[in-house]
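A.B. asks: sequence and predicted structure below; questions after.
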Amino acid sequence: MGATVIVGGRVRTLAGADAEALAFADGRIVAVGQRAEVSRVAGEGAAVIDGAGLTVVPGFVDAHHHVSIAALYGGAVQLGAVTDIPALQAALAAASRALPEGRWLVAMNWDEGRLAERRPPTRAELDDAVPDRPLFALHQTCHRALANSRALALAGIDASTPEPSGGLIQRGRGGEPTGLLVERGMSRVEARARPDLATYDAAGILARMKEHYVALVRVGLTRVVDTAVPAELFTLYRELARRGDVLVPTHVCPVSTTGYLEEPWDALDGPTTGHTEGPLTVGPVKLVFDGAPGCSMCLTWWQSIGASVRTMALAMRLGSWDPVRTMMSAEPRFGREVRSGIAIYRREEAERVVRGVVERGFSVATHAIGNEAIDVALSAYAAAGAGLHGAGVPRIEHASFLDPELVRRMAGAGVAAVVQPSMIAMPMLSTASPISGLPFFPLRWLVDAKVPVVGSSDYPVDVFDPLAGMRTAMLRRNAFGTVVEPGQALTLDEALAMYTRAAVEVIGCAAEAGTLEVGKRADLALVEGFEGELAAARVVATFVDGVQAFAAAGDIAASS
């Protein structure tokens, strides 16, 4: 295969100075620098791409994504557009009638904030809609779910079921479950619904995964980390790879088949972090230390009072009680400090689990949003000792609410923050008020402290366009157009590094990707409008291992 040269644009190498041109052949970069020298190395007969007006950047990386879960539930009933409980019931009833007898009805993306009633449907309302088969409906956040009576019975959940550690079975009169399951409270139902989908809809899941990979390269993504992959979905990944439909290198993070919030012991029996099978690489084990949006927080009384005052002011300005509902959904508990949210593990449990994961040869990636959950995660990492870094850089996923001391501890321990800047603009989170001393995604603090900061999306929770994430990291505008904590904004160069160089350093593949240097994979994106606030930026072509995986119609053509 002959060489290809890209000329006429700006090459952002992220390995030093920018360049005028770049050449690649046989999947590897062979020259980067001035146009004349690059053309000489490429040789006569090389294909030439005119990159005038474009910027060449390393292919983007989404380090926290859910390809397989999105595909698993992509065939489920989608409830994101329903606006009240009767409409939700009608959608569920119609879908139930279309299913074969004996199958679970699975739904996705409901959110009480979008319902006129501003509450979840009750178990009785779910039973009215779906009386004759088990129903499992996952919340938009994937941290809460609804179950009807048939599903609860199959999972063995009734008035006598003890409250799960790190979860909640909401109860009504006589302790009877209302149908709302929170965090670990949903594991027993989810673990029964998931195999039903994986068994009966395997063809649909594979088709949706294939389609999603096409969507990934359209936004310039050339590598992705799937951060919750139970064994049955890893099996489907292997089949997708056998078919040649895994279009970009994918790192899969094992979780338990008993529920992705559960202790991961059954996920530790297979290959360890770094094991590669074609385009698939085993990533760190994924742990979850708190909930969402009810993350584990610890506030001083002054922080709590200040946040409450700002919440009431926002509610008055918007003419809506939604900010107050958002605040109260965290279920504050009052003592010497104000605590809220759900902690999945107690401190000693967290230390035991992290130590066990590390001792089995895995790296670790821990979901921790609130400051108290991050504190527990860092303490557990410290207790793991010297083996913590043995299989790779330890990660904290989200790391949303940090004070300067937590940032300092992360830097000292060499722990990476895998963040989702575009969440700042999510409507659901835009009704939350700032907390003094605990900024939301304090990117500036993290970067200045030399903490490795990696960009991602948490798709399907939020959009997966890296340019949107970079734009929000720089502008920090929420859904109402308000700039949130502008002192935490990043520069364009810093935002780009989050989705390229920093990502591969944390993932463990910096030797082959993340910068545009001779000898590395030709994973790159050509971007129009990559300047300023990225207001008009768009990807016009993506190359994966030197092969053009996407080109916007009429934008990119090579000549010899």
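C.D. replies: Sure thing, it's come through.
A.B. asks: please make it C-alpha for all contacts and neighbour counts, starting now.
C.D. replies: OK.
A.B. asks: SS state for the residue most central in space within the chain?
C.D. replies: Taking Cα atoms, centre = their mean, the centroid of the chain lies closest to Asp458, which sits 1.7 Å from it. In terms of secondary structure, Asp458 is coil; the call rests on DSSP: H, G, I helix; E, B strand; the rest coil.
A.B. asks: and the closest residue to it other than its chain neighbours, how far from Val463?
C.D. replies: Spatial nearest neighbour of Asp458, excluding adjacent residues (Cα to Cα, 6 or more residues apart in numbering): His65 at 4.7 Å. Separation of His65 from Val463 (Cα to Cα, to the nearest Å) stands at 10 Å.
A.B. asks: higher neighbour count, these two?
C.D. replies: The residue with more neighbours, out of His65 and Val463, is His65; 24 against 16, by other Cα atoms under 10 Å.
A.B. asks: before we move on, back to that, show me the contacts for the residue nearest to the centre of the chain.
C.D. replies: By Cα atoms under 8 Å, 6 or more residues apart in numbering, Asp458 lies in contact with His64, His65, His66, Gln420, Phe464.
A.B. asks: which one (most neighbours) among those residues?
C.D. replies: In terms of neighbours by other Cα under 10 Å, the contacts of Asp458 top out with Gln420 at 29 neighbours.
A.B. asks: next up, phi/psi of it, please.
C.D. replies: phi -130, psi 80 (degrees, to the nearest 10).
A.B. asks: wait, it sits on Ala399?
C.D. replies: No - between Gln420 and Ala399 there is no contact under Cα atoms under 8 Å: 9.2 Å.
A.B. asks: helix, strand or coil for Ala137?
C.D. replies: Ala137 - assigned by three-state DSSP - is strand.
A.B. asks: apart from its chain neighbours, what residue comes closest to it?
C.D. replies: Ala107 is the one closest to Ala137 (Cα to Cα, 6+ apart), at 4.3 Å.
A.B. asks: wait, Ile205 touches Ala71, no?
C.D. replies: Yes - contact criterion Cα under 8 Å: Ile205 and Ala71 qualify, at 5.2 Å.
A.B. asks: residue ranges with poor pLDDT in the protein?
C.D. replies: Residues of the chain meeting the criterion pLDDT under 70: 1, 301, 303, 305-335, 428-433, 553-560.
A.B. asks: tell me how this protein divides into domains.
C.D. replies: Following automatic domain parsing, one gets these domains for the chain: 4-58+514-559, 60-66+203-281, 76-198, 297-340.
A.B. asks: could I get those as CSV with distance to Asn371?
C.D. replies: Shown next, in CSV, are these (distance: least, Cα to Cα, whole Å):
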stretch, distance to Asn371
domain 4-58+514-559, 30
domain 60-66+203-281, 19
domain 76-198, 17
domain 297-340, 5
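A.B. asks: between the ones you listed, which one is closest to Pro442.
C.D. replies: Pro442 lies closest, by Cα to Cα, to one member of the domains of the chain: domain 297-340, at 15.7 Å.
A.B. asks: please enumerate the helices of the stretch 251-400 of the chain.
C.D. replies: 301-318, 322-328, 347-359, 371-384 (DSSP state H, counting those that start in this stretch).
A.B. asks: the stretch 101-250 of the chain too?
C.D. replies: Assigned by DSSP H, counting those that start in this stretch, the helices in the stretch 101-250 of the chain fall at 123-129, 149-154, 187-200, 202-218, 231-242.
A.B. asks: look up how far Leu105 lies from the closest residue to Gly204 other than its chain neighbours.
C.D. replies: Distances taken as Cα to Cα, 6+ apart put Gly75 closest to Gly204, at 7.0 Å, once the chain neighbours are dropped. For Gly75, the distance to Leu105 (Cα to Cα) stands at 11 Å.
A.B. asks: what do you get for Glu125?
C.D. replies: From Glu125 over to Leu105 the distance is 15 Å, taken as Cα to Cα.
A.B. asks: who has more neighbours out of the two?
C.D. replies: Set Glu125 next to Leu105 and count neighbours by other Cα under 10 Å: Leu105 wins out with 25 against 17.
A.B. asks: find the nearest non-adjacent residue to the more buried one, please.
C.D. replies: Here the residue nearest Leu105, using Cα to Cα, 6+ apart, is Leu135, at 4.8 Å.
A.B. asks: likewise for Arg501?
C.D. replies: Counting by Cα to Cα, 6+ apart, the nearest residue to Arg501 once its immediate chain neighbours are dropped is Gly514, at 4.3 Å.
A.B. asks: and that neighbour, how many neighbours?
C.D. replies: Gly514: 32 neighbours (other Cα under 10 Å).
A.B. asks: show me what contacts it?
C.D. replies: With Cα under 8 Å, 6+ apart, Gly514 has these contacts: Leu14, Pro58, Gly59, Phe60, Thr500, Arg501, Ala502, Ala503, Val504, Glu505.
A.B. asks: out of the residues you listed, flag the one nearest to Ala382.
C.D. replies: Nearest to Ala382 out of those is Glu505 (Cα to Cα; 21.2 Å).
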